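Could you work out the structure for the sequence below:
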Amino acid sequence: MSDSTTKVVQHADSPVHAGGATHPAHPTAKEYVRIFLVLVALTSLEVGAWYAHLGKWLIPTLFVLAGTKFALVVLWFMHLKFDDRRFSRFFLMGLAGAVTLYVVVLMAFRVFLR
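Prediction:
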């Protein structure tokens, strides 16, 4: 007798095949630790940028560092990298709205003219 069910063993580097679609495997614990260490380093750079008194470059520098940290957290820890692209688009629309709001508020306070 042959059994028609098969057991699928997933390795960390192999893609998952479900319903004909290919999805990348979720990261291992080691990869999560690496991302954590990158986030710690970026946070250290943010604190260092504050104490370095970068003048008019402080806000753009902090925006870039915060955006990078945001992307890492959303992609890896919230698993958006492994989900359907539609979720990414909705998330990016919210991010664009938030960045627009921040820039408008900073312009209202004339932060960029200093």
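
roughly how far apart are the spatially most central residue of the chain and residue 95?
For the chain, the residue nearest the mean C-alpha position is residue 71 (2.1 Å; C-alpha atoms, centre = their mean). Using C-beta to C-beta, to the nearest Å, one gets 9 Å for the distance from residue 71 to residue 95. Quick note: C-beta positions are derived from backbone N, CA and C, even for glycine.

Within the helices and strands, which one has the residue nearest to the centre of the chain?
Assigned by DSSP states H and E, residue 71 belongs to helix 58-72.

before we move on, what about residue 97?
If you go by DSSP H and E, residue 97 is part of helix 85-108.

ok, now which ones touch residue 88?
residue 80 (C-beta atoms under 8 Å, 6 or more residues apart in numbering).

Let's test this: name the helix or strand in the protein with the lowest mean pLDDT.
Least confident helix or strand, the chain: strand 16-18 with a mean of 50, by mean pLDDT, DSSP states H and E.

Which pLDDT value belongs to residue 40?
Listed pLDDT for residue 40 reads 97.

That one sits in which helix or strand?
Here residue 40, judged by DSSP H and E, is contained in helix 29-51.

List of residues touching that helix?
27, 58, 61-62, 65-66, 68-69, 72-73, 76-77.

May I ask which two of those residues are separated the most?
Spanning the widest gap among the contacts of helix 29-51 are 27 and 58, at 33.0 Å by C-beta to C-beta.
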